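In: Quick one, what's the 3D model for this:
(chains A and B)
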Amino acid sequence: MTSQNLLELTDLEVVVGRGTSEENKILGKLSLKIKPGDFICLLGGNGAGKSTLLNVLAGAIQPTSGQILHAGKDISKESEVKRSSYIARVFQDPKLGTAPRMTVAENLLLAAKRGQKRGLKLRRLKENIPAFKKALEKVNPDLAGKLDLPVDQLSGGQRQALSFVMATYNKPELLLLDEHTAALDPRSSRKLMEATDEQIRAKKITAVMITHHMEDALKYGNRLLVLDHGQISHDYQGQAKQDLTLQDLAALFD
Amino acid sequence: MNLIVSAIGQGFLWGLLGLGLFLSFRIMNTTDMTVEGTFPLGAAVSVSLIVQGTNPFLATLAAFGAGALAGLVTALLITKGRIPSLLAGILTMTGIYSIDLMVMGKSNVSLLGKKTIYSLPFLQKLPQYFDSVAAGTILMVLVTCVLIWFLSTDFGQAFIATGDNPQMAKSQGISPQQMTVAGLMISNGLVGLCGAAVAQINGYADVNMGMGTIVIALASIIISEVVFRNLGLASRLFAVSLGSIIYRLLLLAVLQVGLSSNNLNLISSLVLAACMMLPQVEEKLRLKQTFMKGFKHD
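Out: As a prediction, this is how the structure comes out:
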């Protein structure tokens, strides 16, 4: 049974300030099974624990208790650096996902070796240029002509599109999207969201996406989780998710 | 003329210091104070070894190793000890002072009559002071080329990315801690090497010769950035050595005007401060120009 799940979270707890008067349970006994091919939208109010859950999945936050199984192996204590070989991530802040002084191509080259050993071999940038162009064209064609530009000269939308291409350049087993279109203007945001959906379907990537847009949560993905006070309050899958309406969702947050 | 040639030679040799600090200051984005200790450490180790009869090239290599070890100490204080980088560097720098005295046994050791890296036959044939220019050029080109190669490897690219954005590095599977260790070791190794080269051309090692090294190193970096703008990484590394030469010539000019060498540290600081403020001042001036232009058009 366990082999069917990509990740299995059991009784995850994240508590901050333990033993003090400020003790705060951010995630409480959360259990979740992520199947290969799942495209999960994560909804929830501020402080519901969405970002913490994503951070725990990425390995940036260690759970206080509970277990995370990856293909049957316990990875609860594995670092963010180690997990990068199979988990990729796009942050909300366009500045977090790219190296600003390096060029678009150099950033992609770093991403092409995500999670791999980096030795003293020459980087071989030129040989990869055609592949980089191709990958960029699918998500943001403007970027394909800007391979030699330092990333800090790109707009927020372009940086975020680049971050997304970097995260999916080598297909990750799990893609984490932390409101990755929230910091963009409406047009760039919609374009990136559409490209995201297209790529996730085309490459059959398993993904967890935090969003504050109920419309997006309804429109995209095959599964919708609602987080409340550190626990999953609703889990709509397949048909149940398709039948969901904006009114249903809005009612949950009243 | 001799003075100018000597200044250029010193500029090349001290340029190694700038290259070392460039790695930490510009690529890793940290101000590493360790160099104030590593520079005399490199001098102390190489001079002591040469005095005891070690081959000067081996002694110089040992100075690189000693510098790298000092960098390792600072890196471990930062990564394992969670001490802020500036303080970690100051701690190592302060501790090294005692190590220098232990290594040399006294505060000043002379190389009088000993063979140094400048005793190579072909360097001896050159006119006075040109030996340091030739040796400095060779060392500079060698070190710069190795650095350019290193920075264009997969590891080097990961190193640059970590300085740019540690969070991004982590999510690409690069350990920022590992990069801090590698970066500070190489950077301080180069500074140790520079200490050895300078001590041998001056003919002695002194426990106090580290004072102000960080300012000198920063001066060569900043001067190079002010004089040569918008360079790629490879040309920038070469330009740092040129910055170091310009700095030496500036000092020479100041001394020629009649200021005493006792004022050198004050002058160094003033030169560096002025260069670092230059971009700001210029921005204000340029603003004025555009205002003026707008005025004329109306």
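In: how about low-confidence regions in chain A?
Out: A:1-3 (pLDDT under 70).
In: What segments of it are helices?
Out: All helices of chain A, identified by DSSP state H, fall at A:50-58, A:80-83, A:104-112, A:129-139, A:141-144, A:156-169, A:186-203, A:214-219, A:238-242, A:246-252.
In: Give me the buried positions along the fourth one.
Out: Meaning helix A:129-139. Buried residues in helix A:129-139, counted by 16 or more other Cβ atoms under 10 Å in any protein chain shown: A:Phe132, A:Lys133, A:Ala135, A:Leu136, A:Val139. All C-beta spots, glycine's among them, are computed from the backbone N, C-alpha and C.
In: A:Ala88 is in contact with B:Met168, isn't it?
Out: No - A:Ala88 sits out of contact with B:Met168 when judged by Cβ atoms under 8 Å, with a separation of 11.6 Å.
In: For those two, indicate the residue with more neighbours.
Out: Neighbour count, other Cβ atoms under 10 Å in any protein chain shown: between A:Ala88 and B:Met168, A:Ala88 has more, with 31 against 26.
In: OK, contacts around the residue nearest the centre of chain A?
Out: Central residue check for chain A by Cα atoms, centre = their mean: the C-alpha nearest the mean position is that of A:Leu176, 1.4 Å away. Shown in contact with A:Leu176 (Cβ atoms under 8 Å, 6 or more residues apart in numbering or on different chains): A:Leu54, A:Leu57, A:Ala58, A:Ile87, A:Ala88, A:Arg89, A:Val90, A:Ala207, A:Val208.
In: thinking again about what came up before, with distance to chain B as added columns, please give the helices of chain A in JSON lines.
Out: Shown next, in JSON lines, are the helices of chain A (distance: least, Cβ to the nearest Cβ, whole Å):
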{"stretch": "helix A:50-58", "distance to chain B": "7"}
{"stretch": "helix A:80-83", "distance to chain B": "5"}
{"stretch": "helix A:104-112", "distance to chain B": "5"}
{"stretch": "helix A:129-139", "distance to chain B": "14"}
{"stretch": "helix A:141-144", "distance to chain B": "17"}
{"stretch": "helix A:156-169", "distance to chain B": "8"}
{"stretch": "helix A:186-203", "distance to chain B": "17"}
{"stretch": "helix A:214-219", "distance to chain B": "23"}
{"stretch": "helix A:238-242", "distance to chain B": "29"}
{"stretch": "helix A:246-252", "distance to chain B": "31"}
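In: returning to what we had before: using TSV, lay out the buried residues of helix A:129-139 together with distance to B:Gly95.
Out: Output for these, formatted as TSV (distance: Cβ to Cβ, whole Å):
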residue	distance to B:Gly95
A:Phe132	47
A:Lys133	52
A:Ala135	50
A:Leu136	50
A:Val139	52
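In: So which of the residues you listed is the closest to B:Thr60?
Out: Nearest to B:Thr60 among the buried residues of helix A:129-139 is A:Phe132, at 42.6 Å by Cβ to Cβ.
In: Chain neighbours aside, what residue packs nearest to B:Asp131?
Out: B:Leu123 (4.3 Å; Cβ to Cβ, 6 or more residues apart in numbering or on different chains).
In: ok now do the one you found, which residues does it touch?
Out: B:Asp131, B:Ala134, B:Ala135.
In: give me the element it is part of.
Out: For B:Leu123, the host element (DSSP states H and E) is helix B:121-124.
In: Next, the buried residues of the helix or strand just after that helix.
Out: Sequence-wise, the next helix or strand downstream of helix B:121-124 (DSSP H and E) is helix B:130-151. Using 16+ other Cβ under 10 Å as the test for burial, helix B:130-151 gives B:130-137, B:139-140, B:143-144, B:147-148, B:151.
In: Hmm, B:Leu251 and B:Ile267 touching each other?
Out: Yes - contact criterion Cβ under 8 Å: B:Ile267 and B:Leu251 qualify, at 6.7 Å.
In: Comparing these two, which residue is more hemmed in?
Out: Using other Cβ under 10 Å as the criterion, B:Ile267 and B:Leu251 rank with B:Leu251 on top: 21 against 15.
In: So that one sits against B:Asn265, correct?
Out: No - B:Leu251 lies out of contact with B:Asn265 (Cβ under 8 Å); the separation is 10.8 Å.
In: need the residues of the stretch 101-250 of chain B near chain A, please.
Out: With Cβ under 8 Å from any Cβ of the partner chain as the criterion, the stretch 101-250 of chain B meets chain A at residues B:149-150, B:152-158, B:160-161, B:164-165, B:167-175.
In: try 7 Å
Out: Neighbours of chain A within the stretch 101-250 of chain B, by Cβ under 7 Å from any Cβ of the partner chain: B:152-155, B:157-158, B:160-161, B:164-165, B:167-168, B:170-175.
In: List only those of those residues flagged as buried.
Out: Looks like those have B:152-155, B:157-158, B:160-161, B:164-165, B:167-168, B:170-175 buried, using 16+ other Cβ under 10 Å.
In: Among those residues, name the ones in helices.
Out: Those of those lying in helices (DSSP H): B:Asp154, B:Phe155, B:Gln157, B:Ala158, B:Ile160, B:Ala161, B:Asp164, B:Gln167, B:Met168, B:Lys170, B:Ser171.
In: contacting residues around A:Leu162?
Out: Listed by Cβ atoms under 7 Å, 6 or more residues apart in numbering or on different chains, the contact partners of A:Leu162 are A:Thr98, A:Val104, A:Asn107, A:Leu143, A:Val151, A:Leu154.
In: Excluding covalently adjacent residues, which one is nearest to the fifth one?
Out: Looking back up the chat, that one is A:Val151. A:Thr98 (4.6 Å).
In: what about that neighbour, how many neighbours?
Out: A:Thr98, neighbours per other Cβ under 10 Å, totals 29.
In: quick one on the thing from earlier: now, which of the buried residues of helix A:129-139 sits nearest A:Gly47?
Out: Set against A:Gly47, the nearest of the buried residues of helix A:129-139 by Cβ to Cβ is A:Val139 (32.0 Å).
In: my guess is that closest one contacts A:Ala195, does it?
Out: Yes - the pair A:Val139 / A:Ala195 is scored as a contact, 4.5 Å apart, by Cβ atoms under 7 Å.
In: So for the two, which residues contact both of them?
Out: The overlap between the contact sets of A:Val139 and A:Ala195 (Cβ under 7 Å, 6+ apart) is empty.
In: which other helices and strands contact the host helix or strand of B:Met102?
Out: Under the criterion of DSSP H and E, B:Met102 resides in helix B:85-104. Under the contact criterion of 3 or more Cβ pairs under 7 Å, 6 or more residues apart in numbering or on different chains; DSSP states H and E, helix B:85-104 touches helix B:35-51, helix B:56-79.
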